[in-house]
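Undergrad: Give me a model of this one.
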Amino acid sequence: MPHRRRRITPAALPAEVADTNAYSYGVLDGETLHVSGMVAFAPDGSYVGVGDIGAQAVQVFENLTAVVEAAGGTLDDVVSTTTYLAAPEHAAAVGQVRTSYFTGPVPPTSTVVVAPMARPQFLVEVSAIAHIPE
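TA: Take a look at the predicted model:
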């Protein structure tokens, strides 16, 4: 079978944000999906939950879900995540939201506190790797 690699850009995320900043929301390389760090962007490119870690975490996991589903998978296919926080006190709130999205075998995660984030509006970012069988 030929090796295939394709860019994943779900309709639920603003394509112009990825295009302007020269990155992909996800790349499916064979059966491995690499998901960029998802942040709290709404489909129109606006920020969701500025100053509200709970609202941002929900949007981040919604965006992560959109990328995985656009690649043909589900969150059950996620095998690892990396969580970036603007402050350590955000960990509990993000963890609580995470448990509502990962209901099967919970993937391992690494959590890193990064200050400042890429944009001051962002409080959390989550990247992932998924195995999506053909």
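
Undergrad: Neighbours of the residue nearest to Val67 when sequence neighbours are not counted, how many?
TA: The shortest distance from Val67 to any non-neighbouring residue, by CB to CB, 6 or more residues apart in numbering, is to Gly26 (4.3 Å). C-beta here means a position set from N, CA and C on the backbone, and glycine is covered the same way. For Gly26, the neighbour count with other CB atoms under 10 Å is 26.

Undergrad: how near is Gly26 to Pro88?
TA: Distance of Gly26 to Pro88, given as CB to CB, to the nearest Å: 28 Å.

Undergrad: and if you look at Leu123?
TA: Here Leu123 is placed at a distance of 12 Å from Pro88 (CB to CB).

Undergrad: The two: which has the busier surroundings?
TA: A direct count of neighbours by other CB under 10 Å for Leu123 and Pro88 places Leu123 higher, at 25 against 10.

Undergrad: give me every residue that touches the more buried one.
TA: Ala40, Gly49, Gly51, Ile53, Gln56, Leu85, Ala86, Ala87, His90, Met117 (CB atoms under 8 Å, 6 or more residues apart in numbering).

Undergrad: So the third one: helix, strand or coil?
TA: In this case it means Gly51. coil (DSSP: H, G, I helix; E, B strand; the rest coil).

Undergrad: For the nearest residue to it once chain neighbours are set aside, give its distance to Asp77.
TA: Nearest non-adjacent residue to Gly51, counting by CB to CB, 6+ apart: Leu123, 7.8 Å away. For Leu123, the distance to Asp77 (CB to CB) stands at 26 Å.

Undergrad: go on, Ala42?
TA: Separation of Ala42 from Asp77 (CB to CB) stands at 25 Å.

Undergrad: Neighbour count: those two, which is higher?
TA: Asp77 (20 against 15).

Undergrad: To which secondary structure element is Gly37 assigned?
TA: strand 32-38 (DSSP states H and E).
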